[in-house]
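Engineer: Generate coordinates for the sequence data below:
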Amino acid sequence: MEFSKQILNWYALHKRDFPWRRTKDPYKIWLSEIILQQTKTSQGLKFYLNFLKSFPTIEKLALANEEQVLKLWQGLGYYSRARNLHLSAKHIHYNLKGIFPNNYDELKKLKGVSPYTAAAISSICFKEIRAAVDGNVYRILARVFEVYTTINSANGIKYFQELANSLISIDAPGDYNQGLMDLGATICTPKKPRCECCPIATKCISLKKRVTSMLPMKIKKIKIRTRYISYFCINYNMHYLMKKRKGNDIWKNLYEFPSIESKNQMKELSEKEQKKINLILGHNNYSLIKSIRWKHKLSHQLLHITIHHITTNKTANTTDYIKVNKKTLFELPVPKPIEKFLKELDNILDDNV
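Structural biologist: Residues are numbered from 1 along each chain as shown. Reported below is the predicted structural model:
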């Protein structure tokens, strides 16, 4: 088919060079695909290399403890990806005897593996004829064929998958899928596409009609939830209080300082915050070293974070928390705002250890 040949010819000349492009090892391809979900390639590359250094095989990853995995993932966000990666590695190691699934249907059974990821792995590693449809592919197909169906609707997902399946190269499905990904990432970009460099510009209906900027169409995003969280970094007797997050909220299984959540921003140490401090410290004396505030954006949440750095000689309640020394504090997997706090106050923490 001419369409797929043009993509393959362009990819052969212009493909980007990444470590995962130099292998057909499904473990390495899988790792790269999971890391690059919701992550820019430039950011994901260092995490990919660090993961392979620590866990060069799926067995090493399976035998690691979750805290090691989450610590390496720290800073990437969407931590369910790391937990699912670890669970799937253990499943492959213990239940599948270390044999990586080699087809789309079996790959989809792995926790955290989407239809796109399964198609990408199966086509790249096993030459299975499966179209991998991600945001780049949606954008290209919507523009080339001038499709106004919303890409994040049930009908849109089905339509674009069927369209992508009809266009895929039978001889080189992996290279074709990667070619479309690269084309969307470097040429057919969301804003200011480089249409003059596009190998399929002559086929692009939206370019001819000058409606490229209108496509693809999406259903309006959900409303962003705003939250206000106060943390208390309590330093006493060379130790710090931490707690592991549970439930299905953000940052599951990461560690954090004692905290409270409020309905609005508190500019100074509020009565509610003071009560939380007293609950932990009783009426023991303490010093408030510094309070830091900033905003932290997640996909569907805007967090207003306050971290109070407190020193004291005695606490009243430590049963709800674990006590860690400074070395352990920096080794635990923590949310990005706490990681940022620790970096900014490293010198102050040194002075109080």
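Engineer: Please give the element, helix or strand, for the closest residue to L110 other than its chain neighbours.
Structural biologist: Of all residues not flanking L110 in the chain, S88 sits nearest, at 4.3 Å (Cβ to Cβ, 6 or more residues apart in numbering). Placement of C-beta: from N, CA and C, glycine included. Remark: S88 resides in helix 80-90, with elements defined by DSSP states H and E.
Engineer: what residues are up against the residue nearest to L110?
Structural biologist: 110-113 (Cβ atoms under 8 Å, 6 or more residues apart in numbering).
Engineer: 10 Å - rerun?
Structural biologist: For S88, the contact set (Cβ atoms under 10 Å, 6 or more residues apart in numbering) comprises 30, 34, 58, 61-62, 96, 100-101, 107, 109-113.
Engineer: try S259
Structural biologist: 229-232, 243, 245, 276, 305-307, 338.
Engineer: pretty sure E106 contacts N95?
Structural biologist: No: E106 lies out of contact with N95 (Cβ atoms under 10 Å); the separation is 12.0 Å.
Engineer: So for those two, which sits in the more crowded spot?
Structural biologist: Between E106 and N95, counting by other Cβ atoms under 10 Å, E106 is the more crowded of the two (14 against 9).
Engineer: In terms of pLDDT, where does the more buried one sit?
Structural biologist: pLDDT, E106: 97.
Engineer: returning to what we had before: which residues belonging to the helix or strand that the helix holding S88 is followed by are considered buried?
Structural biologist: Toward the C-terminus, helix 80-90 is succeeded by helix 104-107 as the next helix or strand (DSSP H and E). By neighbour count with 16 or more other Cβ atoms under 10 Å, helix 104-107 contains the buried residues 104, 107.
Engineer: What are the contacting residues of helix 104-107?
Structural biologist: Helix 104-107 is contacted by residues 26, 30, 88, 96, 100-101, 113-115, 117-123, 125-126, 128-130 when judged by Cβ under 10 Å, 6+ apart.
Engineer: In PyMOL, how would I pick out whichever of those residues are buried, leaving the exposed ones unselected?
Structural biologist: Here is the PyMOL command that picks out the buried ones among the contacts of helix 104-107, judged by 16+ other Cβ under 10 Å:
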select buried, resi 26+30+88+100+101+113+114+115+117+118+119+120+121+122+123+125+126+128+129+130
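Engineer: Please narrow the contacts of helix 104-107 to those residing in strands.
Structural biologist: Of the contacts of helix 104-107, none are assigned to strands by DSSP state E.
Engineer: In helices, which of the contacts of helix 104-107 fall?
Structural biologist: By the criterion of DSSP state H, membership of the contacts of helix 104-107 in helices covers 26, 30, 88, 115, 117-123, 125-126.
Engineer: Among those, which pair sits farthest apart?
Structural biologist: Maximum pairwise distance in these, criterion Cβ to Cβ, is 19.0 Å, between S88 and S123.
Engineer: Spell out, range by range, the strands that occur in the stretch 151-300 of the chain.
Structural biologist: Secondary structure of the stretch 151-300 of the chain by DSSP state E, counting those that start in this stretch: the strands cover 225-236, 239-244, 255-256, 259-262, 286-297.
Engineer: Out of the ones you listed, which one sits most buried?
Structural biologist: strand 255-256 (a mean of 21; mean count of other Cβ atoms under 10 Å).
Engineer: ok, residues contacting that strand?
Structural biologist: 67, 70-71, 229, 231, 233, 242-245, 307, 321-322, 324, 328-329, 331-335, 337-338.
Engineer: Restricted to buried residues, select the residues you listed in ChimeraX.
Structural biologist: Buried residues within these, by 16+ other Cβ under 10 Å, are selected in ChimeraX with:
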select :70,71,229,231,233,242,245,307,321,324,329,332,333,334,335,337,338
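Engineer: now, which of the contacts of strand 255-256 lie within helices?
Structural biologist: Counting by DSSP H, the contacts of strand 255-256 place 67, 70-71, 328-329, 331, 337-338 in helices.
Engineer: between those, which is nearest R83?
Structural biologist: Taking Cβ to Cβ as the measure, R83 sits nearest to L70 out of these, at 7.6 Å.
Engineer: you'd agree S42 is in a strand?
Structural biologist: No: S42: not assigned to a strand; according to DSSP: H, G, I helix; E, B strand; the rest coil it is helix.
Engineer: burial measure for it, as a count.
Structural biologist: 7.
Engineer: separation between it and N50?
Structural biologist: For S42, the distance to N50 equals 15 Å [Cβ to Cβ, to the nearest Å].
Engineer: what about the helix holding S88, average pLDDT?
Structural biologist: 97.
Engineer: buried stuff in that helix?
Structural biologist: Neighbour-count burial for helix 80-90 flags 81-90 (criterion: 16+ other Cβ under 10 Å).
Engineer: Of all pairs in those, which one is the farthest apart?
Structural biologist: Largest separation among the buried residues of helix 80-90 by Cβ to Cβ: R81 and K90, giving 15.3 Å.
Engineer: Flag the shaky bits of this structure, pLDDT-wise.
Structural biologist: The chain contains residues with pLDDT under 70 at 1, 345-353.
Engineer: How about the residue sitting furthest away from the middle of the chain, nearest residue that isn't a chain neighbour?
Structural biologist: Note on the chain: the largest C-alpha distance from the chain mean falls to H283, namely 42.0 Å (Cα atoms, centre = their mean). Closest residue to H283 apart from its sequence neighbours, by Cβ to Cβ, 6+ apart: A316 at 7.9 Å.
Engineer: Many thanks, I have nothing further to ask.
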